[in-house]
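# structure, please.
(chains A and B)
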Amino acid sequence: MTTPAAPATGSDAQPSALELERRRYRRGRAVRSAGISAVSTLLLVGVVVALVVTSPGWPRVRDTFLDWDKAVESFPAVVDGLWLNIRVMLACGVVIAVLGLTLAVMRTVRGPVAFPLRLFATAYVDLFRGLPLLLVIFVLGFGAPALRLSGLPSSALFWGACALVLSYSAYVAEVFRAGIESVHPSQRAAARSLGLSYGQTMRHVVLPQAVRRVVPPLMNDLVSLQKDSGLIAVLGVIDAIRAAQIETALDFNFTPYVVAGALFVCLTIPMARLTDHVARRQGFHGAGGML
Amino acid sequence: MSEVLRLEGVRKSFGENEVLRGLDLSVHEGQVVVLIGASGSGKSTLLRCVNLLEVVDDGRITLDGEDVTDPRVDADAVRARTGVVFQAYNLFPHLSVLDNITLAPIRVHKVAKAEARERAMAMLERVGLPEKASARPDDLSGGQQQRVAIARALVNQPRLMLLDEVTSALDPELVGEVLDLLRELKDEGMTMVLNTHEMGFARQVADTVCFLHGGVVHEQGPPEQVLGDPREERTRRFLARMHA
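Coordinates of the predicted model:
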């Protein structure tokens, strides 16, 4: 919270006694609220920490999950895995954006001629939004390579990424569609009355406005994708989580999982702040980021 | 003078609501036709039908002798020949003022970018806003936005301008500016069909005033006659309410 700035007054204007009294009161309230929230936060954290630390199993848990030496030892392997997660996220993110936008445009095309397009896009979204992501990963990751199609890679990484793309495009398509439908019809009317075709209206008038509006929810999906990229570990790809699992299997010390978790959080926090920043710049005040 | 626009028996309904019931209208080159009538009398619907934003239920609309209600005509090509200005301006908020104006010349009329910008600047000069070329529409006042919207329509050198309540959202002192601009256009021979609730405006700028009632042109004639000494009882009652 920022305190409201003092109103810009003329050089010779002095605040009245009334205004000075009001400012004193507001300052007093602000100090009081800050104090209360600081104390309550400290109390709550203290209670939770005390509860955990005094629990009978704490020494054991500390040694298995929070072993500093083990953390340092496993760090390089986990970071190596994380680099894969990042690459998967970036590559999939681009493909998902293109596919999602295509599906959204297909779903919003009007006229009877475009019925097959609408039908396909609707069926696609219904199917892949309904299927659990893990299931898609299993089916594609183990099923597709078994087909032994020539010309297509059979690596688990490729098919795992495909599963992510298929599933996420369905969600992203719906976000784009919401954006497209939020552009007021008068904008289309203005564009069409200038002689722009349906496609030109979409390309130059509707989509630029729609995409801008849905950037915050899309960033949200990107953060989500970043974490879900870890699910392809079930196919045996060595990402951060799989690397942590391997490290853990050496001595049944679970600290590498904590390391992986901490790294994922470190990645998502900047993304989340960026999302907030983008949202605020577009005027969605109070959309998040405020405590 | 040749006939630019002709409407014959045009019908248009929205669900149960029959807005136009066999409307006839003729507009000649260089003529300014002002449509008046109560809210819901079909003034805006008429303009939207002419610009093919609405499909007529029956009747015929011809633009320069071409039947534009024929489903085989290229609607985009027809729209490219008419300029429309809306009550709410409908500028594109994501584009600068200059880009709003150059969009159609570049994309529809395939004018080279540099030339389109030149024409757009000339048009902005003309509506008195050359310093706003790089501004966003949201940073302009209503009057400025409407002048940009007029420039955006004019830059395509339309055969016919359709203006839908273009001054109703403006502050009184800005109405004059827009009015002056429209009068200049008229002097240059631009053919215009516009609708308005402002009788003073209609009186000043119109060659012909059409009073719409019951989905048809109930009475039409020169502004002095229709507005000053209406023949029809309905017209008289409408004008009495407007002046009350």
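# hey, let's count contacts and neighbours off CA atoms from now on
Noted.
# test my guess that B:Ala38 contacts B:Ala240.
No. Contact between B:Ala38 and B:Ala240 fails when scored by CA atoms under 8 Å: they sit 12.0 Å apart.
# what parts of chain B come near chain A?
Proximity of chain B to chain A is assessed by CA under 8 Å from any CA of the partner chain, with B:51, B:53, B:75-84, B:86, B:90-94, B:104, B:107-108, B:153 identified as the residues in range.
# switch the cut-off to 7 Å
Contact residues, chain B versus chain A (CA under 7 Å from any CA of the partner chain): B:51, B:53, B:76-77, B:79-80, B:83-84, B:90, B:92, B:94, B:104, B:108.
# B:Ala38 and B:Ala240: who's more crowded?
For B:Ala38 versus B:Ala240, neighbours defined as other CA atoms under 10 Å in any protein chain shown are more numerous around B:Ala38 (17 against 10).
# sec struct for that one, please.
Following DSSP: H, G, I helix; E, B strand; the rest coil, we place B:Ala38 in the coil state.
# that one and chain A, how far apart?
22 Å (CA to the nearest CA, to the nearest Å).
# list just the nearest of the residues of chain B next to chain A to A:Val47.
B:His94 (51.5 Å; CA to CA).
# which non-adjacent residue is nearest the closest one?
Distance criterion CA to CA, 6 or more residues apart in numbering or on different chains; nearest residue to B:His94, sequence neighbours excluded, is A:Gln209 at 6.4 Å.
# pull out the buried positions in the helix or strand hosting that neighbour.
When secondary structure is defined using DSSP states H and E, the element that contains A:Gln209 is helix A:207-228. By neighbour count, with 16 or more other CA atoms under 10 Å in any protein chain shown as the criterion, the buried positions of helix A:207-228 are A:207-211, A:213-216, A:218-223, A:225-228.
# centre of the chain versus it, how much separation?
Between the mean C-alpha location of helix A:207-228 and the chain-wide mean there is a distance of 8 Å, by CA atoms, centre = their mean, to the nearest Å.
# ok, residue 184 - how many residues close by?
I went with chain A, as the question did not name one. A:His184 is surrounded by 12 other residues when neighbours are defined as other CA under 10 Å.
# switch to chain B, that's the one I care about
The local packing count at B:Glu184 equals 12, with neighbours defined by other CA under 10 Å.
# please apply the same query to the one 5 residues further on.
B:Gly189 is surrounded by 13 other residues when neighbours are defined as other CA under 10 Å.
# can you pull out the strands in chain A?
With strands called from DSSP state E, chain A shows none.
# where is the longest helix in it?
Of all the segments of type helix in chain A, defined by DSSP state H, the longest one is helix A:68-108.
# helices and strands around it, which ones?
Contacting helix A:68-108 under the criterion 3 or more CA pairs under 7 Å, 6 or more residues apart in numbering or on different chains; DSSP states H and E are the following elements: helix A:115-130, helix A:156-182, helix A:207-228, helix A:240-251, helix A:255-281.
# residues touching the residue of chain B found nearest chain A, list them.
Of all residues in chain B, B:Ala80 sits closest to chain A, at 4.2 Å by CA to the nearest CA. The neighbours of B:Ala80, taking CA atoms under 7 Å, 6 or more residues apart in numbering or on different chains as the test, are A:194-195.
# for stretch B:51-69, which positions count as buried?
Taking 16+ other CA under 10 Å as the neighbour-count basis, stretch B:51-69 is seen to contain the buried residues B:51-53, B:56-64, B:67-69.
# for that stretch, the averaged confidence score.
When the per-residue pLDDT values of stretch B:51-69 are averaged, the result is 93.
# dump that stretch to CSV, restricted to CA.
These are the backbone C-alpha positions of stretch B:51-69, laid out as CSV (Å, rounded to 0.1, in the frame of the first residue of the first chain):
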residue,chain,number,x,y,z
ASN,B,51,-23.7,-0.3,-45.7
LEU,B,52,-24.6,-4.0,-45.8
LEU,B,53,-23.9,-4.3,-42.0
GLU,B,54,-27.5,-5.6,-42.0
VAL,B,55,-29.1,-7.9,-44.6
VAL,B,56,-32.5,-6.6,-45.8
ASP,B,57,-35.5,-8.9,-45.6
ASP,B,58,-37.0,-7.5,-48.8
GLY,B,59,-36.7,-4.7,-51.3
ARG,B,60,-33.7,-3.4,-53.2
ILE,B,61,-30.9,-1.0,-52.6
THR,B,62,-28.9,0.3,-55.5
LEU,B,63,-25.6,2.2,-55.2
ASP,B,64,-24.7,4.0,-58.5
GLY,B,65,-27.1,1.7,-60.3
GLU,B,66,-25.7,-1.5,-58.9
ASP,B,67,-28.0,-3.7,-56.8
VAL,B,68,-26.0,-4.1,-53.6
THR,B,69,-28.7,-6.3,-52.0
